[in-house]
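Q: based on what follows, work out the 3D shape:
(2 chains, ligands or ions: 1)
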Amino acid sequence: MWDYTDQVMDHFRNPRNVGKIEHPDGVGTVGALACGDALTLMFKLGPDGRIAEVKFQTFGCASAIASSSVLTEMVIGKTVEEAGRITNKQIADALGGLPDQKMHCSVMGREALEAAIHNYRTGETGMRNLDERIVCTCFGVSENEILRITRENGLSSVDEVVNFCKAGGGCGMCRNEIQKLVDGVIAERTQAKTAPGDAPRKLTNLQKIKLIEEIITREIRPALQRDHGDVELVDISGDRVTIAFRGMCAGCHASETTRHSLIEAKLRECVAPEITVVEESRS
Amino acid sequence: MSRLVYLDNNATTCVAPEVRDAMLPFLTDLWGNPSSMHAFGGRVMRHVEEAREKVAALIHADPSEIIFTSCGTESNNAAIYGVAEILGPQARLITSRVEHPAVLGPCRHFREHGHTLIELPVDGVGQVDLAALREALFGGQCLVSLMWANNETGTIFPIDEIAALVKSVGGVIHTDAVQAVGKVPLDVRRTPVDLLSLSGHKLHAPKGIGALYVRRGTRLKTYMIGGHQEHGRRGGTENVPAIVGLGQAAELAAASLAGEAARVAPLRDRLESGLLATCPDARVNGDPRHRLPNTLNISFEFIEGEAILYHLSDLGICASSGSACSSGSLEPSHVIRAMGVPFTAVHGSIRFSLSRYTTAADIDTVLEHVPRVVAKLRALSPFVTT
Ligand code: FES
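A: Down below sits the predicted model:
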């Protein structure tokens, strides 16, 4: 038997908010019968714009049922934006932890919520961007998902990736590729840990440009794309980085904060403390 | 928790009271080393040999053909390793896709070291493809390892026919009979297998004891090198209490074999028909005509096995599942998959395995609770539309 916490067993035995909602504002489904787990999550907003009702249906093991159930309790009363910030780790923590091999249940919860929010915002039911490259065909897991799960949960081995999103846990053909992705994230982490001040001296101009490009592509853009925004790198001149916002970010009143506290802060942390980020129209 | 209803006997069985009583003196007064040259050890040795006779009698072998091992896994490893090493890398290994990992593991190990390995497919009820076996047998020396009965579905392979085929081409045949011994009659005088594995804790002896039958004349490389125990075929001081326990369990099994099968099979059948009648979208996995009398593997579509097991466990019912989630692997049971069971059912398979101690009341309890558990989980399933 698994070493499940009392919270897991309580939510498994008495799942909260099971079922369907008539005319929900957002519905998300992830997983498949073939994979052994699947979750449909739906919510309805109240007049105050906060999530008033949420229901789920799960095909899966005890921890999949518990993760779905606890997630429904976590989102009630939150705005869609607040709910969208819930991480799989928070779901697992709310259950007092999950066995390593079961962490993918918490990831499935987060993904279903994300799909439901996407459906609410766009009316679309499918979440996956068709351009995304699938790395693990056994479980249909894309490169972006693997990168994100590895980053968000501080993973450092293929086996951990398997526990968190199943990728690599079937035929194993994709394990080499997952290893490369994990290695890339580990390299990012090491780079980020390098003391500020060391980095500029070590980087040539070309290295600096490459690193900026890489951090924008790997870390900043996926984060913005999750909220249907985007950013484009326009130019780099010395320590001055010019960007242009796209998608939802383009007209967003919070783009100033995004530019400063997300993009500039990240580039300062990972590349050089002197970097300033400016928007194209204001350059 | 309510009364324990234990229907997981293909995983392990309880130690029979008679077995426990037979073992006790060897944990207390009779603790001598059977290899010692004094009378105190010699007395113990006599009990070891008596146990050997009883185990041999259960399968109609000669006592000199029985080697005591630590478990079924060791017996399987010893047989495959011992023969494959003697035959050399040019020999082919032939097994099936539904074997226990204790057979598949060593076979795949030898594949990595140069042997050709053929894993025979099975059909929808888990029966091995005999045409594929015939084809695989052509082309020189081979070791065939096929189970007598499957641990998950209870499907019984036609070992008589298989052994005759293998012998007709001069091959060596090993059978993992861990699930069959004590449940169905086995007679190595009639079935020409060269090697046969059995395990104590599947027939009411304790864990940690097994045996390997090696037909006289079969060449087997010694895999456990040390003392001269077991006529030099397996070094290591004998686990005397467990050996005596296995002997006692074998004697009990031999005495009750026919009667027990006739008692347990109807109980299993009542469980099967009851569940099929009360749980819609359920299907039985395994060969309805050639199946162990004690085993029922049933899939409840659209729900997942681990979740069923945990609810049953809350009700005091012990069973097991071939679902991926219950095992920690991500792929559901290789046996159920190899049988081509559809995905709607593969994750929700549950195995109920009965024993000498299973009662009609146990079956009633399961029949009372399972439909409710299934309905509860189906109410949660996104795949159930009605
Ligand atoms: S492709 Fe990833 S495990 Fe098979």
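Q: what does the stretch 51-200 of chain A put close to the ligand?
A: Applying Cβ under 6 Å from any ligand atom, we find that the stretch 51-200 of chain A lies next to the ligand at A:Cys136, A:Thr137, A:Cys138, A:Ala167, A:Gly168, A:Gly169, A:Gly170, A:Cys171, A:Gly172, A:Met173, A:Cys174. Every residue, glycine included, has its C-beta placed from N, CA and C.
Q: one more time with 8 Å, if that's ok
A: A:135-139, A:141, A:166-175, A:178 (Cβ under 8 Å from any ligand atom).
Q: so which of those residues sit within helices?
A: Among those, the residues falling in helices (DSSP state H) are A:Arg175, A:Ile178.
Q: PyMOL command to pick out the buried ones of the residues of the stretch 51-200 of chain A next to the ligand?
A: Only the buried entries of those go into this PyMOL selection, using 16 or more other Cβ atoms under 10 Å in any protein chain shown:
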select buried, chain A and resi 135+136+138+139+141+166+167+168+169+170+174+175+178
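Q: which ones, among the residues of the stretch 51-200 of chain A next to the ligand, also lie beside chain B?
A: Near chain B, judged by Cβ under 8 Å from any Cβ of the partner chain, the entries from those are A:Phe139, A:Lys166, A:Gly169, A:Gly170.
Q: next step: these restricted to strands.
A: Using DSSP state E, no member of these falls within strands.
Q: out of those residues, which is nearest to B:Ala249?
A: B:Ala249 has its nearest neighbour among these in A:Gly169, at 38.8 Å by Cβ to Cβ.
Q: quick check: the closest one touching A:Glu160?
A: No: contact criterion Cβ atoms under 8 Å: A:Gly169 and A:Glu160 do not qualify, at 11.3 Å.
Q: quick check, pLDDT for residue 250.
A: Since you didn't name a chain, this refers to chain A. On the pLDDT scale, A:Ala250 is placed at 80.
Q: not quite, go with chain B.
A: Reported pLDDT for B:Ala250: 98.
Q: from memory it sits against B:Lys54, does it?
A: Yes: counting by Cβ under 8 Å, B:Ala250 does reach B:Lys54; the two are 4.6 Å apart.
Q: who's more crowded, the two?
A: A direct count of neighbours by other Cβ atoms under 10 Å in any protein chain shown for B:Ala250 and B:Lys54 places B:Ala250 higher, at 29 against 21.
Q: how close does that one sit to chain A?
A: 31 Å (Cβ to the nearest Cβ, to the nearest Å).
Q: next one: B:Thr116
A: Distance of B:Thr116 to chain A, computed by Cβ to the nearest Cβ: 21 Å.
Q: excluding chain neighbours, what is closest to the residue minimising distance to the centre of chain A?
A: The structure's chain A has its C-alpha centroid closest to A:Arg148; by Cα atoms, centre = their mean the separation is 5.4 Å. Distance criterion Cβ to Cβ, 6 or more residues apart in numbering or on different chains; nearest residue to A:Arg148, sequence neighbours excluded, is A:Pro222 at 6.4 Å.
Q: surely the one you found meets A:Ile149?
A: No: using Cβ under 8 Å as the test, A:Pro222 is too far from A:Ile149 to be in contact (11.6 Å).
Q: name the residue in these two with the higher neighbour count.
A: Set side by side, A:Pro222 and A:Ile149 show more neighbours around A:Ile149, with 24 against 15, by other Cβ under 10 Å.
Q: quick one: the host helix or strand of the more buried one to chain centroid distance?
A: In this assignment (DSSP states H and E), A:Ile149 forms part of helix A:143-152. With Cα atoms, centre = their mean, to the nearest Å as the basis, helix A:143-152 stands 7 Å off its chain's centre.
Q: just the pLDDT at whichever residue of chain B sits closest to the ligand, thanks.
A: When scored by Cβ to the nearest ligand atom, chain B has B:Leu330 as its residue closest to the ligand, at 8.1 Å. You'll see B:Leu330 listed with a pLDDT of 71.
Q: who's in contact with it?
A: Neighbouring residues of B:Leu330 by Cβ atoms under 8 Å, 6 or more residues apart in numbering or on different chains: A:Gly36, A:Phe139, A:Val162, A:Lys166, A:Gly169, A:Gly170, B:Ala324.
Q: which one of the residues you listed is nearest the ligand?
A: For the contacts of B:Leu330, the residue nearest the ligand by Cβ to the nearest ligand atom is A:Gly170; the value is 3.4 Å.
Q: what's next to the helix or strand bottoming out on mean pLDDT in chain B, contact-wise?
A: Lowest on mean pLDDT, DSSP states H and E among the helices and strands of chain B sits helix B:324-327, with a mean of 74. Contacts with helix B:324-327, where a contact means Cβ under 8 Å, 6+ apart, come from A:36-37, A:60-64, A:102, B:304-306, B:309, B:320, B:330-333, B:347.
Q: which among the residues you listed end up buried?
A: Among these, the ones that count as buried by 16+ other Cβ under 10 Å are A:36-37, A:60-64, A:102, B:304-306, B:309, B:320, B:330, B:332-333, B:347.
Q: quick check: whichever residue of the stretch 151-283 of chain A sits closest to chain B vs B:Ser299, distance?
A: Chain B sits closest to A:Gly169 of the stretch 151-283 of chain A, with a gap of 3.5 Å, by Cβ to the nearest Cβ. According to Cβ to Cβ, to the nearest Å, A:Gly169 stands 22 Å off from B:Ser299.
Q: with B:Glu18 instead?
A: Distance, B:Glu18 to B:Ser299, by Cβ to Cβ: 37 Å.
Q: these two: which has the busier surroundings?
A: Using other Cβ under 10 Å, the more surrounded residue of B:Glu18 and B:Ser299 is B:Ser299, with 25 against 14.
Q: hmm, back to that, so the residue of chain B closest to the ligand sits in a strand?
A: No: counting by DSSP: H, G, I helix; E, B strand; the rest coil, B:Leu330 is not found in a strand; it is coil.
Q: find the nearest non-adjacent residue to it, please.
A: Nearest residue to B:Leu330 in three dimensions, chain neighbours excluded: A:Gly169, at 3.5 Å (Cβ to Cβ, 6+ apart).
Q: where are the low-confidence patches of the chain?
A: Went with chain A since none was named. Chain A contains residues with pLDDT under 70 at A:127-131, A:194-202, A:281-283.
Q: sorry, I should have been clearer: chain B.
A: Checking chain B against pLDDT under 70 turns up B:1-2, B:328, B:386.
Q: helices of that one, residue ranges please.
A: Under the criterion DSSP H, chain B carries helices at the ranges B:17-23, B:39-59, B:72-87, B:101-112, B:130-137, B:159-168, B:240-278, B:305-314, B:324-327, B:334-338, B:343-346, B:360-380.
Q: related to what we said a few turns ago, my guess is the residue nearest to the centre of chain A meets A:Arg221, correct?
A: No: with contact defined as Cβ under 8 Å, A:Arg148 does not count as touching A:Arg221 (11.7 Å).
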